[in-house]
Every structure is written in structure tokens, then in C-alpha cells.
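1. pasting a predicted model and its sequence here:
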Amino acid sequence: MARITAGIGTSHVPAIGAAIDLGRTQDPEWKPIFDGYEWVKGWIKDNTPDVIVLCYNDHASAMMLDIVPTFALGFAEEFEPADEGWGKRQVPTVYNHIELAGHIAEQLVIDEFDLTIMNDIDVDHGCTVPLSLVFGQPEEWPCKVIPLIVNVTQFPTPSANRCWQLGEAIRDAVRSFPQDLDVQIWGTGGMSHQLQGPRAGLINPEFDNAFLDRLGNEPDDLRTITRLEFLRESGSEGIELIMWLIMRAALGYNVEELYRFYRVPASNTAVGHIVYKTPE
Amino acid sequence: MRTRLYPLEDLEDIPGTKVFTAKRSRQAYHLHKFCMSLMKAENREAFKKDERAYLDLFRMTEDQKQAVLDRDFYQLIELGGNIYFLVKLSNTDGWSTQRAVSSMTGMTPDQYAAMMREGGRSPTGQRSKRDRN
Ligand SMILES: [Fe+2]
């Protein structure tokens, strides 16, 4: 049977991708951020899964204009990096695991999640920056990736609790897949940041660190955070943190926190990163 | 039907923040269509060659076109825009996202960058217009 063995939470700031692509990771501005990812780069070498379910939001790159799905699953064989206005990132093509993606898609709808299936999308920095942060700059990504895309941009976004429930349903779906697969789930985005208006640049380390503190063993407290509270406390773009709840819920209870990192800022954003292992 | 946990007007109560709703999305639909067109190199070239002529291909309001020409990101947000679309424009110009974002705050890019290096903008006093906290 397939099983979820680990979860990773990480910010997916586009400027981090640019720093990697332009060879600036050792610049004084960027080095402290990349130092925070050295641990996971070592750990992943011995813990590369067969498949990652990668939760991210599309930043008006493949959707959000004509179609605004609340929850969408990438269902093409492969996904090219999106051209977000300055050319495509020179990173490998993302390859899907079609059998598991199809099984999850069916199972989630049976579980009453009205999922949108995306048969042709490019993946933007929300997907490719976490892959770069964890895997570095390989010729090919070392595993398959199932993109799970969440609307965190157009109001109303799904609630924190709905994201939690989706994570639980993903866990059930993976565990009922007959093939023997090692699966990780990644939740990306956040932490606190605001990219608009006179309040831009908002950072809330107290909120972020309380979120990280509770995520492991008291995650139920986070399910009741309202959209309004996310906006007030973590900025208009900090609401991306709901995607970390999908990741956390998919791991079940009794996770072991292996690593944590928090640093301000990367560009406009508080960077958070956490790694969990599920019990055997 | 579930009850709302707070009145919808509370979304307007956050200082310096426009919540991107379906209505705003509609208001900015053609502006955003322009922004997403910049994801193709040939369109970026056409735009750079004659910005006005390129903008006239889209059913945007005159205000929106002028704000694009002025690179007035504050105004573009006021006119319904959302930053994830608008960065396609600043990326086309070769601006960093930080520069585009800082331009909405009334600070210079250097002042804004310094604020971020020092830990960013504190949420204190920025949570609610009503409660001033
Ligand atoms: Fe994001």
C-alpha cells in the first residue's frame, strides 16, 4: 500500500527562485536563507519519496483569470515551468504520477470534495521554488510530483478547517492506493506577508511562530483561524498558510518534528520551513 | 446555511488593504487579461514597442490604462487589480517584486528594503481601523 512518510512546509518566495537561478545564494542578503535549507537538502538524499503531493497556489499563471478553482489537481503527464513575465525558470520539467493522481482525484470526489481537474497547466514559482529549495539544481527532479492547487487569492478562499479536512481525505486516498509507494506531502506558501497597498511589508513573527509551535501537536487550534484573522495577523498574502494545514492533516497525529527554520525577510516575506516524519 | 463568523464589512476594516473579491476580479478582468498576456515573450516585445497601442487591444478602462502607463501599482490595486497579476507587468519591466510592492507604500525602494531587513512592518496598529490596534 502507498503511505505518507513525511511532510514538508516551506515558503515559496519567487525571489528565492531568482536567487538560485542567478547564482546568488551565497550573497550576504541570501546566504542566511539558504543556510536554513542545508539540513533538508541532506535529509532528502536518504529520504527521497516516490511521489510528492505538492500543495501550492497558482499566482495567476495558469488560472485565476478565466477559471478560479477552489481546489484543483494537476492531471497532465508533465508540467513545464511557467513564464511569469521574465522567461521560464531554467528548472526541470515536473512529471506527474498519473495512477496515484487519478486515484486521489476519484477518491476525493467520492469523499465529497468537488475537485477541479487541470489537464494542461504550467507550474509557477509556487511549485518550482520548493522543489529547488529541497533538491537544489538537479538535471531532473528525483521523484514524481502531483500538483494540488488551492485558491488563496480570490475571496472567499477555502477555510482553514476545509483545508484540514482535505488533508485528511488525501491521507485516506493515499493509504487506499494498492501500489507500494513512499509519498510525501508538502504544504507551501507564507509565512506572514502582504504584497499590496500602504500596509505592504507586514511581518508578524509572533503569529508565525505560534503557528509553527502548534502545527505539530496542537493543530486543532489552527483549524479555527478565520480568513479575517489571517488577513489581519499575517497579511493579505499570509493566508497561504492554509496550505500548510492540508500538509499537516495528511500526516495524521503523533508526528515527529525533525527540523524547523524561520527567518525574516526574503524579499517581502517571512520564510518558514518545517519537516515532519510520520510514525512507522 | 452556515452563519458567517464576522460581518463582511469587517473585510474593509483592515488598514491599507483591499481584499480581492469576485467583484474586484470582475472589475479588473481586462486589466488582468493584459497582465497575463505578458507571459509570452512576443507580447512583451509588442507592449514595449508601443505601450499605448498594445493596451488599446484590451477592453480596460482608461483609468486602468493610464495607471499601467504610469506604473502606478497603488492605483492599479484601487482599480480592482491583484498583485499576482500585476507582477507580470513589473517582471516585464525587470523590476523585482520588492520594488513593485514598495512603490505602493509611499516609501522609496531603499527605505522599504531597509524596513524589511529590520524585520518588516509591525502589525501593531495595522490590524483594524475601528479598534486602532
Ligand atoms: Fe505564494
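-> Arrived safely. Numbers count the residues shown, from 1 in each chain, chains lettered A, B, ... in the order given.

2. enumerate the residues of the stretch 101-250 of chain A near chain B.
-> Proximity of the stretch 101-250 of chain A to chain B, by CB under 8 Å from any CB of the partner chain, involves residues A:153-155, A:192, A:194-205, A:207, A:226, A:228, A:231-233, A:236-237. Where C-beta positions appear, they are placed from N, C-alpha and C, glycine not excepted.

3. ChimeraX command for the buried members of those?
-> If you want just the buried ones from these in ChimeraX, going by 16 or more other CB atoms under 10 Å in any protein chain shown, the selection is:
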select /A:153,154,155,192,194,195,196,197,198,199,200,201,202,203,204,205,207,228,231,232,233,236,237
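
4. now, the residues of the stretch 101-250 of chain A next to chain B that are in strands?
-> Taking DSSP state E, every one of these sits outside strands.

5. just the ones of the residues of the stretch 101-250 of chain A next to chain B in helices?
-> With DSSP state H as the criterion, helices contain A:205, A:207, A:228, A:231-233 from among these.

6. hmm, which two among the residues you listed are most spread apart?
-> Across these, no pair lies farther apart than A:205 and A:228, at 20.3 Å, counting by CB to CB.

7. nearest to residue A:187 among the ones in helices among the residues of the stretch 101-250 of chain A next to chain B?
-> Nearest to residue A:187 among those, with distances taken as CB to CB, is residue A:207, at 16.7 Å.

8. and the pLDDT at the closest residue to that closest one other than its chain neighbours?
-> Spatially, and ignoring its direct neighbours in sequence, residue A:207 is nearest to residue A:233 (4.5 Å; CB to CB, 6 or more residues apart in numbering or on different chains). Predicted confidence (pLDDT) for residue A:233: 98.

9. now do the contacts for residue A:233.
-> A:192, A:204, A:207, B:123, B:127 (CB atoms under 8 Å, 6 or more residues apart in numbering or on different chains).

10. dump these to TSV, plus distance to residue A:41 and pLDDT.
-> Output for these, formatted as TSV (distance: CB to CB, whole Å; pLDDT from 0 to 100):
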residue	distance to residue A:41	pLDDT
A:192	25	98
A:204	28	98
A:207	28	98
B:123	32	98
B:127	37	97
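
11. what residues are up against residue A:81?
-> A:88-89, A:91, A:93-94, A:122-124, A:128.

12. over to residue A:255?
-> A:7, A:216-217, A:248, A:276-279.

13. nearest residue to it other than its sequence neighbours?
-> residue A:276 (4.2 Å).

14. beta-bridge partners for that neighbour, please?
-> residue A:7, residue A:257 (DSSP bridges).

15. and it, how far from residue A:217?
-> 11 Å (CB to CB, to the nearest Å).

16. the more surrounded of those two?
-> Neighbour totals were compared for residue A:276 and residue A:217, and residue A:276 leads with 22 against 12 (other CB atoms under 10 Å in any protein chain shown).
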